[in-house]
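>>> Dropping the sequence and predicted coords here.
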Amino acid sequence: MIAIMSYNESQNDEAAREKAINDWLPVTSSRNAKWWYSTFHNVTAMVGAGVLSLPYAMAQLGWGPGVAILFLSWVITLYTLWQMVEMHEMVPGKRFDRYHELGQHAFGEKLGLWIVVPQQLVVQVGVNIVYMVTGGKSLKKFHDLVCSDCKDIRLTYFIMIFASVQFVLSHLPNLNSISVISLAAAVMSLSYSTIAWGATLNKGVQPDVDYSYKASTKTGAVFDFFTALGDIAFAYAGHNVILEIQATIPSTPEKPSKKPMWRGAFLAYVVVAICYFPVALIGYWFFGNSVEDNILISLEKPAWLIATANIFVVIHVIGSYQIYAMAVFDMLETALVKKLHFSPSFKLRFVTRTVYVGFTMIVGICIPFFGGLLSFFGGFAFAPTTYFLPCIMWLAIYKPKKFSFSWIANWVSLHCAWNFADDTVTHWCPKTYHPYSQRLRVLLMSITPNARQGQTMCKERVLMELLVMAFELNRKLEFN
C-alpha cells in the first residue's frame, strides 16, 4: 500500500513538473489565441522575402513551367497544410504541438526525430539567417534612397541594427505575446507586395524585354531550374511552424482547434495568392530575364515609393524572424530543461535567446548572399518539410485504401512535387537523373501500407538511400 502511494506521489510530481515546464515553454504556455491570430501568423510566416524573388524564379523557369509550378505549388501546399491541421489532434486527448512530435508518431520515437528535427532546424535557422540579411539589405536600400548624398555605410552595420531589434523582441515569452508584431508584419507583407507589382506596372514593359533562358548550356539550365525551385519552395515555408501556431489555439472535444485553425489558415492562403501571383507574373512580364533576384532592386523610381517598400520589408521580416525564432527557442529551451535538467528561469531564457540571435547575426554578416541563401535553404529542406513529409506521414498513419480519394490525392501530390524537377531535368540529362527518379519512387513505395513487414528497417533504409542518392547525384553534377 505504501509502495502504491509512493508511486502515485511520484507520478503526480512528474505530472506537475511536466505541466510547469509546458506552462513555461513558448509554444504551449499560452493557448488562448483567436482564429484570426492564425491568419496573420501564417501570412507573416509564409509571405516573406521570398515573394520578392518570384519574378526571378519565373525568369529561370519560363512562362509555361513557371506558371504551372507556381499554381500547383499553391494548390499542393494548401492541401498539405490542411493535412497538418487535421493531424494535430488525430489522437483523442493528445495534441501534436510540434512538427517533430507528429514525425515521432508517424515514424517512431527515434527515427521521427532524425527525419524531422534536422530539416526543421535547417528551415527555421535558415529563415532567420536569410531574414537577418534581408532586413539589413532593405535598411541599407532605404538609407541609400532617402539619403543619396550621405557617406556609404557597410551592410554589416545595417544587419547589426536589424539584429538589435531582434535582441529586444526575442525576450517576449510566447507566440501570443508577439501577435501585434505579427499583425503589423502581415499588413506590411501585403503592402510591399502591392507596391512591388504596382511600381512595376508604373515603370512599364522594359525595352527589348527578353523571355528566353539566360543559361547557354544544359548544365547551366539545370542549375537555374533547381535554383528557381528552391526560391518557390522558400515562398511556401509556413508548414514548419503550422503546428506550433495551432498549439496556441484553445481546444475542447466539442470545439477542436482544427476548425478555427483551418479557417484562419485558408484566409491566410488567399492573402498569399493575392501577394504572390501579381508580383511573380507582372514582374516577369515587364522585366523578362533581366529581373534581379529581389525585384525591388530592379525598381529605381519613384524613389520614395521604393524606399517605403523597403521599410515595409524591414517591419515584415522583424515579425517573420520572431515567428520562426520562437519555434527554435522552444526546441532549445525544451532540450535544456528536459534533457539537461536546467531549471526554467528568466536567466536561462535570456542567455539562450541572446546567444541564438547573436549566432544568426554573425552568420548573416559572414554570408550576405540573398539569392543564394534562398535557393540553398529552399532546395535542401523547405521542399521535404512542405511538400513531401505531410503526404508521407498521412499515408503512414491513416493508411488510406488503394485508389481512394485520399490515396490518390497524396500520391498525385508526391508525384507532382517530384516531377516538377524530374520531368524537366530528365529531358536535359536523362543518363544522370532518370535512374534517381526511379529509385526515389521505389523508396516512397517502401513506406506505404504495402510495406507491412520490417517497416522500421524500411524507413531507415529510405533515409540512408536518400543520403547516398544526394551524394552520388552531386558527384555526377560536378563532373558534368
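Received the coordinates, thanks. Numbering: from 1, shown residues only.

>>> can you pull the contacts of residue 188?
The contact partners of residue 188, taken as Cβ atoms under 8 Å, 6 or more residues apart in numbering, are 312, 313, 315, 316, 319. All C-beta atoms are positioned from the backbone trio N, CA, C, and that covers glycine.

>>> Where does pLDDT dip in the stretch 151-300 of the chain?
215-216, 230, 233-234 (pLDDT under 70).

>>> quick one: the helices in it?
Applying DSSP state H, counting those that start in this stretch to the stretch 151-300 of the chain gives helices spanning 155-169, 179-203, 218-235, 242-246, 258-287, 295-298.

>>> Put together TSV for the ones you listed, with distance to residue 308 on each row.
TSV is the format used below for those (distance: least, Cβ to Cβ, whole Å):
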stretch	distance to residue 308
helix 155-169	17
helix 179-203	7
helix 218-235	22
helix 242-246	29
helix 258-287	16
helix 295-298	11
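
>>> Select, out of these, the one closest to residue 409.
helix 258-287 (16.4 Å; Cβ to Cβ).

>>> Return the angle between stretch directions for that closest one and helix 218-235.
140 degrees (axes from the mean of the first three to the mean of the last three Cα atoms, to 10 degrees).

>>> to the chain's geometric centre, what's the distance from helix 258-287?
15 Å (Cα atoms, centre = their mean, to the nearest Å).

>>> same check, this time on stretch 172-180
On Cα atoms, centre = their mean, the centre of stretch 172-180 falls 19 Å from the chain's centre.

>>> Please identify the buried residues of that stretch?
The neighbour-count check on stretch 172-180 (16 or more other Cβ atoms under 10 Å) flags 172, 173, 174, 175, 176, 177, 178, 179 as buried.

>>> Can you read off the pLDDT for residue 469?
The model reports residue 469 with a pLDDT of 53.

>>> Please disregard the earlier target; I meant residue 88.
At residue 88, pLDDT is 92.

>>> what do you get for residue 128?
Looking at residue 128, the pLDDT reads 91.

>>> got a list of what the residue nearest the centre of the chain touches?
For the chain, residue 237 is the residue whose C-alpha lies nearest the centre (Cα atoms, centre = their mean; 2.1 Å). Counting by Cβ under 8 Å, 6+ apart, residue 237 makes contact with 45, 46, 48, 50, 123, 127, 378, 382, 386.

>>> from the residues you listed, which has minimum pLDDT?
Lowest pLDDT among the contacts of residue 237: residue 378, 55.

>>> Pretty sure residue 416 sits against residue 76.
Yes - with contacts counted by Cβ atoms under 8 Å, residue 416 reaches residue 76, the gap being 6.2 Å.

>>> More neighbours: which of these two?
residue 76 (22 against 17; other Cβ atoms under 10 Å).

>>> what sits in contact with each of residue 416 and residue 76?
Common neighbours of residue 416 and residue 76 (Cβ under 8 Å, 6+ apart) do not exist.

>>> who touches residue 332 in this structure?
Residue 332 sits in contact with 352, 356, where contact means Cβ under 8 Å, 6+ apart.

>>> what about 10 Å?
348, 349, 352, 353, 355, 356 (Cβ atoms under 10 Å, 6 or more residues apart in numbering).

>>> Show the buried residues in those residues.
Counted by 16+ other Cβ under 10 Å, the contacts of residue 332 give 348, 349, 352, 353, 356 as buried.

>>> Give me the three-state assignment for the last one.
Using DSSP: H, G, I helix; E, B strand; the rest coil, the secondary structure recorded for residue 356 is helix.

>>> go on, the first one?
Using three-state DSSP, the structure places residue 348 in helix.

>>> That one and residue 334 touch, don't they?
No - with contact defined as Cβ atoms under 10 Å, residue 348 does not reach residue 334; the gap is 11.7 Å.

>>> Quickly list what's touching both of those two.
Common neighbours of residue 348 and residue 334 (Cβ under 10 Å, 6+ apart) are residue 24.

>>> is it true that residue 62 touches residue 213?
Yes - using Cβ under 10 Å, residue 62 is in contact with residue 213, at 6.7 Å.

>>> Identify the single longest helix in this protein, thanks.
The residue-count maximum for a helix in the chain (DSSP state H) belongs to helix 109-146.

>>> so how far is that helix from its chain's centroid?
Using Cα atoms, centre = their mean, the offset of helix 109-146 from its chain centre is 9 Å.

>>> same question, stretch 98-111
Centre to centre, stretch against its chain (Cα atoms, centre = their mean), the figure for stretch 98-111 is 18 Å.

>>> If you tally nearby residues, what's the number for the residue lying closest to residue 303 once chain neighbours are set aside?
Nearest non-adjacent residue to residue 303, counting by Cβ to Cβ, 6 or more residues apart in numbering: residue 145, 5.0 Å away. Residue 145 has 19 neighbouring residues, counting by other Cβ under 10 Å.

>>> Pull the contacting residues for residue 145.
Neighbouring residues of residue 145 by Cβ under 10 Å, 6+ apart: 300, 302, 303, 304, 305, 306, 307, 308, 309, 310, 311.

>>> Likewise for residue 287?
Contact partners of residue 287, counting by Cβ under 10 Å, 6+ apart, are 55-56, 58-59, 200, 203, 205-206, 209-210, 295, 298-299.
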